[in-house]
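Trainee: coordinates only, no sequence provided:
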């Protein structure tokens, strides 16, 4: 959130800054960021030509480097934690910022796991021989240089770098001021690991030292950066989407819905709604709004609310819900638009499937929606008509996850329709190129 | 080019226009464009739920509508041609603007051909059953609403509309002032055809009547438009890429290179270079720069230049080329950056493959590059190290084409790395969504 505000502020200041004299601080940022991007581009060429084994070795060296430097990382992290507390960072954000021994061992394990995933590079996606004898093959290649803009989560530094390197990409990181000290040490360790295994250190770099103007310049560097992935708050993502001239993969805000159809099984409804709300409320695939068919309201909703109540969930209900359960907080228009990420849920009783579809079309962020039903026709209509990255029948929305889908690790969950939609794995960090092999053919 | 300039002018005026009083002309444009986009979105839902047969019937009705209204279209087109001549439109552009009986029959045939292509919708891209019994399938779905910004080529109106409808998308067209009269009639015919086959007319609309502010608003309409495809001059494409908040698929400027390696076969070199330059110089896959290994210069280049000369090509050569062929025009830095699209070619003699790779990295637009060689190691290095949408060995660059690749029809040639790269067919006009089918599963 800090970064988003920072970045917008910078961008709105932009015209005046651009007007400062040549050689001024703005020029220094531009040339400084470009220098690293150009070095990353050169490194990306070496990575693209490296073998899978070389990249696996680099990832193992990164994991070992984390484990061998736990103390150094924890010390740097302590500076960020202290600054965070001083600046009044919310306790939840302070927790996200924290790296301790056990989390660092978890991160190292995650890097080793990423190293063992199937290498997407060089895979042939399609291929054919044309009638004139020319052979064409579409093969997977790295993007080249990936940019990542995120905030206050130093584990993302390791995750994104490992995923980028495994898929042959160089990566430029902007992790935000709040985690600056932690990220500086982590990037240094990654670069040492790259060098120790014969790969170019320039393949991973941070531009945190250029502050907000650096982030703004990264967003303008079309041609130098192939794709930009923002991860963090909705405000951060919206800023990047709005201001970036580099292609962006928009990840995640999730105003996620579950619809209890007239025929919803009571046990499934109770278990799935509880799981989707309570198991980990702070993540994007947690449910935020429960829609209930009026014919299921009296039969199923009281038991669902009872279970939610016993798990400490606050229910924000419409008038019809309030009539069934007097302890609900009255829901307002804002509730239907809110990604709570807390133990809160909005509940609305609707007349039929059409009204549920209409509500979802209006308020969904296109992340995940699930219907609980025993009726085939309702299920199929829901699956066909809801235009979200993931649509479900009789399952918890918490399953929208790269790990659960079997991708091994996740770059993020895309809520846009271009390139990647839903949980992104390694193949989503690649592009393709066409290889054409002829023997003198010309076009008639 | 006109539109690009128009659009930038509008966008730079933007802050002042936004400051005009509510209810003013800017608000009218915003609400007018939004109204059509919202109607297109509603229509896109009906299209997404339509059968392949319904969409084929609509395309047949469009083809029949074109053939039955040749006179009406030619009359409207005559107004555009006259205005074009008055406004001093270049003869090449006037030719692109022209629709006559034979071209219209060709367009109708193209629509019927598109209707017969494999329907991409509903195809399962990947699928698996998770260990907990949940089934997940990634299936192809339409984008929803596609925006197209192009200029002075009324045939694109029909092409893009047919491709969008075949792939289940609604489309909003901005065809530019120069072809306004032609496009108005064509869009009306398409809408009549949609209505006559029971599909919503709102699935295809133009915003030409909102002029440049309409185009600017289309670029801002993230959330209402799923993807924007600019087709036309490099200036137009760059304007859209820079200003659009909607995801863009960047299509085609091609500063295309051929490298004659030391071992290049003379007959292939002569035939391929001539074909790549001369067969249709005005298109993006025509070669613009020829690089020649110094060891092939004396052996092969004179014959290549002789063939080019006899086809009326002007050669812009570096000093070493000039030493071999005294009639060349001296090449300047600008020549290496130019997409001539005319019977001109830039020629440079290089010391080795490395220098050729370096030149291409510096000047290529990432469209198509071809090496003529008998040496396996050179071929493989070229294919691996050149980072372009299409890389070739011993073939004419003119083969970079959806038709030649067997896609049946082409949306354009993408030179970006996100979503689509190289010739785009119908699947590139689709997104995917994940369908998850459970039986009460919750996450542990």
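Mentor: Arrived safely. If you're wondering where the values come from, they're calculated on a predicted model, not measured in any experiment. Numbers count the residues shown, from 1 in each chain, chains lettered A, B, ... in the order given.

Trainee: any weak-confidence spans in chain A?
Mentor: For chain A, the stretches flagged by pLDDT under 70 are A:1-24.

Trainee: switch to 80 and redo it
Mentor: Along chain A, segments meeting pLDDT under 80 span A:1-26, A:92, A:152, A:252, A:408-410.

Trainee: which strand in it has the most residues?
Mentor: The single longest strand within chain A, with elements called by DSSP state E, is strand A:430-441.

Trainee: nearest spatial neighbour of the closest residue to chain B within the stretch 101-250 of chain A, skipping sequence neighbours?
Mentor: Per Cβ to the nearest Cβ, residue A:247 is where the stretch 101-250 of chain A lies closest to chain B, at 4.3 Å. Every C-beta, even on glycine, is put in place using the N, C-alpha and C of the backbone. If the residues on either side of it in the chain are set aside, residue A:247 comes closest to residue B:418, at 4.3 Å by Cβ to Cβ, 6 or more residues apart in numbering or on different chains.

Trainee: that neighbour in helix, strand or coil?
Mentor: Of the three states, residue B:418 takes coil under DSSP: H, G, I helix; E, B strand; the rest coil.

Trainee: ok, it - contacts?
Mentor: Applying Cβ atoms under 8 Å, 6 or more residues apart in numbering or on different chains to residue B:418 gives the contacts A:226, A:227, A:247, A:249, A:418, A:419, A:431, B:247, B:249.

Trainee: now with 10 Å, please.
Mentor: If a contact means Cβ atoms under 10 Å, 6 or more residues apart in numbering or on different chains, then residue B:418 has A:143, A:226-227, A:246-249, A:418-420, A:431, B:247-250 as its contacts.

Trainee: residues touching the residue in the stretch 251-400 of chain A that chain B sits nearest to, list them.
Mentor: Closest approach between the stretch 251-400 of chain A and chain B, counting by Cβ to the nearest Cβ: residue A:395, at 2.9 Å. With contact set as Cβ under 10 Å, 6+ apart, residue A:395 has these partners: A:258, A:268, A:272, A:275-276, A:368, A:370-372, B:130, B:132-136, B:436-443.

Trainee: can you do 6 Å?
Mentor: Neighbouring residues of residue A:395 by Cβ atoms under 6 Å, 6 or more residues apart in numbering or on different chains: B:134, B:436, B:438, B:441.

Trainee: what pairs with the longest strand of chain A, parallel or antiparallel?
Mentor: Strand pairing for strand A:430-441, determined by DSSP bridges: strand A:135-142 (antiparallel), strand B:390-395 (parallel).

Trainee: return the most buried member of those.
Mentor: strand B:390-395 (a mean of 27; mean count of other Cβ atoms under 10 Å in any protein chain shown).

Trainee: how far off centre is that strand?
Mentor: Distance of strand B:390-395 from the chain centroid (Cα atoms, centre = their mean, to the nearest Å) equals 20 Å.

Trainee: who in the stretch 1-150 of chain A is up against chain B?
Mentor: Residues of the stretch 1-150 of chain A lying near chain B by Cβ under 6 Å from any Cβ of the partner chain: A:134, A:143.

Trainee: does the residue sitting furthest away from the middle of chain A count as helix, strand or coil?
Mentor: The C-alpha centroid of chain A is most remote from residue A:444, which lies 47.6 Å away (Cα atoms, centre = their mean). When classified by three-state DSSP, residue A:444 comes out as coil.

Trainee: quick one: contacts for it?
Mentor: Going by Cβ under 6 Å, 6+ apart, the list of residues near residue A:444 is empty.

Trainee: for residue A:103, see how far away the residue of the stretch 251-400 of chain A closest to chain B is.
Mentor: As for residue A:395, its distance to residue A:103 is 30 Å (criterion: Cβ to Cβ, to the nearest Å).

Trainee: for residue A:136, which non-adjacent residue is closest in space?
Mentor: Counting by Cβ to Cβ, 6+ apart, residue A:136 lies nearest to residue A:436, which is 5.2 Å off, once chain neighbours are set aside.

Trainee: host element of residue A:236?
Mentor: Here residue A:236 sits within helix A:234-243, counting by DSSP states H and E.

Trainee: now the helix or strand following that helix: how far from the chain's centre is it?
Mentor: Counting by DSSP H and E, the next helix or strand C-terminal to helix A:234-243 is strand A:256-260. Between the centre of strand A:256-260 and the centre of its chain there are 22 Å (Cα atoms, centre = their mean).
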